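[1] test case, fold it:
(one chain, ligands or ions: 1)
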Amino acid sequence: MSLAFNRHRRLRQSTAMRSMVRENHLHVEDFVYPLFVAEGENIRKEISSMPNVFQLSLDHLLEEMEEVVSLGIKSVLLFGIPLEKDECGHGAFHDHGIVQEATRLIKEHYPELVIIADTCLCEYTSHGHCGIVENGKVLNDPSLKLLVDTAVSQAKAGADIIAPSNMMDGFVTAIRAGLDEAGFEDTPIMSYAVKYSSAFYGPFRDAAESTPQFGDRKTYQMDPANRLEAFREAESDVAEGADFLIVKPGMPYLDIVRDVKNHFTLPVVIYNVSGEYSMVKAAAQNGWIDEKSVVMEMLVGMKRAGADIIITYHAKDAAKWLKEN
Ligand code: PBG
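    Model (predicted):
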């Protein structure tokens, strides 16, 4: 008897066979590990909503870096937590700001590591917004100057890549011009081109102490219901000279990752954000899911969706698991 159908299971019959036909792979080189560096001393404070993620002062940073580097991770993304905040977020563009100091320290010990500096004001402003505020409004153009100053001071400190996450219009143009003028024409911009206004950033705001003190970020971050707007945002950033395009958050926006991958030729970065991490951790701690399998499935799903680079708090665990296999 011969029935007409395809035998898809032929290629699934053994581990070796499955690995021969596997289309997507995770590599430790895909990962960027975010770090929260805090001004002050002897700080190693776990974020309650992000198990195993810590705010670290400089005196604890090198222990962490040793682990990160020994796992083969090639890049970190730095966020700063200053001791003092003010209206303009001076700590962001101070030459001795916490991200600038952390960058110098890491570069001194690990010159090969790619340091990405998050360029935003919200961790440094008293109101918690990503730009200058006047009469309850987040002003676009006046904020650009401060973001340029931040990017230039980060590049001066040795940052390899500038990653502006503030979602002001024109930030790539402004930062590119500022970097070029300061002699950093070789410093790439990894633009948070497509950044949605997402409830998944909640735990990050605990970690970075950057919750807006009034209102929300909906006048500058994107509406989660929109797809075409992502093309408009990405087109602008490409035209303005971005070198990488970030889509953020990750898991609920894999369709957008695929769109961006299909329509643009720049490397696509996915940001697997704090809330995504916390949900997995909470379920794993309850014994409801198998953490390793779930994390690796999510991460390879991001590659399959078109991401070239994955910013993830799971990076250290995933690097360990890749080594085991
Ligand atoms: C700063 C910034 C945020 C994140 C990265 N950069 C928070 C926000 O926009 O409120 C979120 C990252 C995460 O949730 O892991 N603008």
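[2] what residues does the chain have near the ligand?
    118, 120, 122, 130, 165-166, 201, 204-205, 217, 273-274 (C-beta under 6 Å from any ligand atom). Just so you know, the C-beta spots here come from the backbone N, C-alpha and C atoms, and that holds for glycine as well.
[3] pull the most distant pair out of those.
    166 and 274 (17.4 Å; C-beta to C-beta).
[4] which outside residues touch stretch 36-49?
    Stretch 36-49 is contacted by residues 52-61, 78-83, 91, 98-99, 102, 202-203, 206-208, 274, 278 when judged by C-beta atoms under 8 Å, 6 or more residues apart in numbering.
[5] quick one: the helices in the protein?
    With helices called from DSSP state H, the chain shows them at 15-20, 58-70, 90-93, 98-109, 141-157, 171-181, 202-208, 228-240, 254-263, 274-285, 291-305, 315-324.
[6] mind telling me which of these the model trusts least?
    With a mean of 90, helix 202-208 has the lowest mean pLDDT of those.
[7] which residues does that helix contact?
    Residues contacting helix 202-208 (C-beta under 8 Å, 6+ apart): 36, 47-50, 53, 55, 79, 81, 122-123, 128, 210-211, 273-275, 277-278.
[8] can you rerun that using 7 Å?
    The contact list for helix 202-208 (C-beta atoms under 7 Å, 6 or more residues apart in numbering) reads 36, 47-50, 53, 55, 79, 81, 123, 211, 273-275, 278.
[9] and the nearest residue to residue 57 once chain neighbours are set aside, what are its phi and psi?
    Leaving aside its sequence neighbours, residue 57 sits nearest to residue 43 (C-beta to C-beta, 6 or more residues apart in numbering; 3.8 Å). Note on residue 43: backbone dihedrals following degrees, to the nearest 10 are phi -100, psi 120.
[10] let's have the chain start at 25 instead
    Shifting the count to begin at 25 puts that one at residue 67.
[11] burial count for residue 67?
    For residue 67, the count of nearby residues is 18 (other C-beta atoms under 10 Å).
[12] so what's residue 193 scoring on pLDDT?
    Looking at residue 193, its pLDDT reads 89.
[13] so it touches residue 165, yeah?
    No - Residue 193 is beyond contact range of residue 165, at 8.5 Å (criterion: C-beta atoms under 7 Å).
[14] what's near enough to touch residue 261?
    Taking C-beta under 7 Å, 6+ apart, one finds 196, 215, 217, 269 in contact with residue 261.
[15] run the last query once more with 6 Å
    196, 215, 217 (C-beta atoms under 6 Å, 6 or more residues apart in numbering).
[16] wait, which of the residues you listed is closest to residue 37?
    residue 217 (42.6 Å).
[17] wait, isn't the closest one in contact with residue 255?
    No - using C-beta atoms under 6 Å, residue 217 is not in contact with residue 255, being 10.1 Å away.
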